[in-house]
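>>> got a predicted structure plus its sequence, pasted below:
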Amino acid sequence: MEKLKNDLFLRACKRQPVERTPIWIMRQAGRYLPEYQAVRAKADFLTMCKTPELAAEVTIQPVDIIGVDAAIIFSDILVIPEAMGMQLEMHEGKGPVFYNPIRSESDAKQLKKVVPEKELEYVLDAVRLTKKELDGRVPLIGFSGSPWTLLTYMVEGRGSKNFSEVKKLIYNNSKLAHRLLNDLSDVIADYLSAKIEAGCNAVQIFDTWGGILSQKDFLEFSLPYVQKIISQIKRKDEPVIFFAKGVHHNLEKMVDTGADVLGLDWTMNLGEVRKRVGDRVALQGNLDPTVLYADRNYIKQEVISVLQSFGEGNGHIFNLGHGVLPDVDPENVKALVRFVKEESKIFHCS
Ligand code: CP3
């Protein structure tokens with residue numbers, strides 16, 4: 001068994017006692033860090049993902065510079081559609097673009113079956129190298145998009161306001177939508193299992209676009225597939241975190257997926273969610289990412305109010321309610337981590 005020097009994050013995921021609340025930050029390996037920008041200036045985004053040395057370097061940066069209690073492997077949720085044969089381009093300012101989106105049976109026929117150990121071996125190599133370089137300092141998190149969120153990108157082809165294309169698909173050809181979601185679930189379960197096998201200590205499923213669905217549609221097109229993945233992941237005691245942004249309903253059903261941790265965005269009330277489901281799962285979140293634009297005193301007060309909202313006891317992992325924004329001051333991110341470390345001790349003294 002691997003001996004970690006800091007296992008606060010893993011203990012919190014399992015709702016075990018900790019001396020203080022652990023913190024990591026979604027999108028912590030990213031553009032707000034000048035050290036990331038320096039690596040990125042030499043290589044484009046996908047090259048960074050596909051070069052284990054570069055991926056490991058930027059994965060570890062926030063551990064060294066910001067002081068977080070877990071690392072998350074540098075990669076992207078869109079490497080799965082890319083491995084299926086979709087041509088991915090990352091555009092400055094515009095975000096990711098697929099020029100040949102999947103909208104019909106014949107488009108879907110173009111998709112290749114993915115074996116993670118082959119087409120995504122570079123991610124597994126990055127995990128293995130990062131584990132070696134981390135040398136047990138903190139746990140390493142692996143991740144994937146949820147089937148629904150990946151399907152959204154694959155069908156829309158780019159960022160969207162109304163998600164008209166993917167909605168057209170679910171309402172007019174739900175059979176194809178379900179077949180694609182089912183196939184994605186199998187790949188994602190294999191992929192997350194392979195990441196755990198390569199050394200990841202926990203995995204997070206990002207359902208970034210779960211919140212664009214009505215409650216009924218969420219229960220049909222997103223949740224059952226997340227449940228299927230969690231039941232298929234090969235793991236020993238590695239926790240699974242389920243983050244569904246903008247989903248305020250069906251919390252009990254989200255817990256029934258078998259997730260060990262629910263990630264909450266900043267529009268949720270941590271204390272209320274804890275009352276409803278906190279005896280069954282740990283909770284992760286949920287500071288508004290834009291609070292990092294405020295001054296340090298304000299950030300500190302907001303950290304305290306998130307900690308108070310959860311209250312005393314175990315099962316809280318501090319995080320933002322969504323990814324850290326690229327134009328925040330890294331000094332504020334460092335201060336955030338320091339405040340959580342200092343202010344959370346009193347919530348764990350008993
Ligand atoms: O959290 C981490 O630090 C690990 C790395 C990570 C990235 N993307 C790196 C990245 C993770 C976990 C992701 C997940 C991801 N990617 C999600 C789910 C999380 C979320 O934010 O909801 C989504 C929706 C994507 C798709 C994606 N990738 C978008 C929309 C963009 C462009 C806009 C943006 O936020 O930057 C990307 C590119 C991307 N992924 C960058 C990084 C560091 C920026 C690339 C660059 O350097 O130019």
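Nice, I can see it.

>>> show me what from the protein comes close to the ligand.
Where the chain comes near the ligand, counting by C-beta under 6 Å from any ligand atom, the residues are 26-31, 40, 45, 72, 74-78, 90, 95-96, 143, 206, 208, 323. Placement of C-beta: from N, CA and C, glycine included.

>>> switch to 8 Å and redo it
Selection of the chain residues close to the ligand by C-beta under 8 Å from any ligand atom yields 25-31, 36, 40, 44-45, 48, 58-59, 62, 72-78, 90, 92, 95-96, 143, 145, 149, 153, 159, 204, 206, 208-209, 243, 245, 322-323, 326.

>>> pull out the buried members of these.
Buried members of the residues of the chain next to the ligand, scored by 16 or more other C-beta atoms under 10 Å, are 25-30, 36, 40, 48, 58-59, 62, 72-78, 96, 143, 145, 149, 153, 204, 206, 208-209, 243, 245, 322-323.

>>> in helices, which of these fall?
The helices, defined by DSSP state H, take in 36, 40, 48, 58, 59, 62, 149, 153 from these.

>>> which strand residues bridge residue 204?
For residue 204, the beta-bridge partners are residue 143, residue 241 (DSSP bridges).

>>> just checking, it touches residue 244?
No - taking contacts as C-beta atoms under 8 Å, residue 204 lies outside contact range of residue 244: 11.1 Å.

>>> which neighbours do those two share?
Listed as contacting both residue 204 and residue 244 by C-beta atoms under 8 Å, 6 or more residues apart in numbering are residue 263.

>>> tell me the secondary structure at residue 262.
strand (DSSP: H, G, I helix; E, B strand; the rest coil).

>>> mind listing what it touches?
Counting by C-beta under 8 Å, 6+ apart, residue 262 has contacts 241, 242, 243, 251, 254, 255, 273, 277, 281, 282, 283, 284.

>>> are any of the residues you listed buried, and which?
Buried members of the contacts of residue 262, scored by 16+ other C-beta under 10 Å, are 241, 242, 243, 251, 254, 255, 273, 277, 281, 282, 283, 284.

>>> could those go into CSV alongside pLDDT?
CSV is the format used below for the buried ones among the contacts of residue 262 (pLDDT from 0 to 100):
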residue, pLDDT
241, 98
242, 98
243, 98
251, 98
254, 98
255, 98
273, 98
277, 97
281, 98
282, 98
283, 98
284, 98
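
>>> just these: which are in helices?
Per DSSP H, those map to helices at 251, 254, 255, 273, 277.

>>> pretty sure the third one is touching residue 278, no?
Translated: residue 255. No - counting by C-beta under 8 Å, residue 255 does not reach residue 278; the two are 9.8 Å apart.

>>> and the gap between residue 220 and residue 247?
Using C-beta to C-beta, to the nearest Å, residue 220 is found at 14 Å from residue 247.

>>> okay, the two: which has more neighbours?
Higher neighbour count among residue 220 and residue 247: residue 247, with 24 against 18, using other C-beta atoms under 10 Å.

>>> ramachandran angles for the more buried one?
phi -110, psi 110 (degrees, to the nearest 10).

>>> and residue 197, how many residues sit next to it?
Residues contacting residue 197 under the criterion other C-beta under 10 Å number 15.

>>> element containing the spatially closest residue to it that is not a sequence neighbour?
Of all residues not flanking residue 197 in the chain, residue 234 sits nearest, at 7.3 Å (C-beta to C-beta, 6 or more residues apart in numbering). Counting by DSSP states H and E, no helix or strand carries residue 234.

>>> can you check the pLDDT for residue 234?
pLDDT recorded at residue 234 is 98.

>>> wait, it touches residue 196, no?
Yes - at 6.9 Å, residue 234 counts as touching residue 196 under the criterion of C-beta under 8 Å.

>>> have a look at these two and say which one is more surrounded.
residue 196 (20 against 12).

>>> now for the more buried one: which residues touch it?
Neighbouring residues of residue 196 by C-beta under 8 Å, 6+ apart: 142, 203, 233, 234, 235, 238.

>>> which one among the buried ones among the contacts of residue 262 gets closest to the ligand?
residue 243 (7.8 Å; C-beta to the nearest ligand atom).

>>> for the closest one, which non-adjacent residue is closest in space?
Spatial nearest neighbour of residue 243, excluding adjacent residues (C-beta to C-beta, 6+ apart): residue 263 at 3.0 Å.

>>> closest residue of the stretch 51-200 of the chain to the ligand?
Nearest residue of the stretch 51-200 of the chain to the ligand, counting by C-beta to the nearest ligand atom: residue 95, 3.9 Å away.

>>> my guess is that residue meets residue 159, correct?
Yes - in this structure, residue 95 is within contact of residue 159 by C-beta under 8 Å, at 5.0 Å.

>>> quick one: contacts for the residue of the stretch 51-200 of the chain closest to the ligand?
Counting by C-beta under 8 Å, 6+ apart, residue 95 has contacts 158, 159.

>>> among the contacts of residue 196, which two are most distant?
Greatest spacing in those, by C-beta to C-beta: 142 and 234 (12.7 Å).
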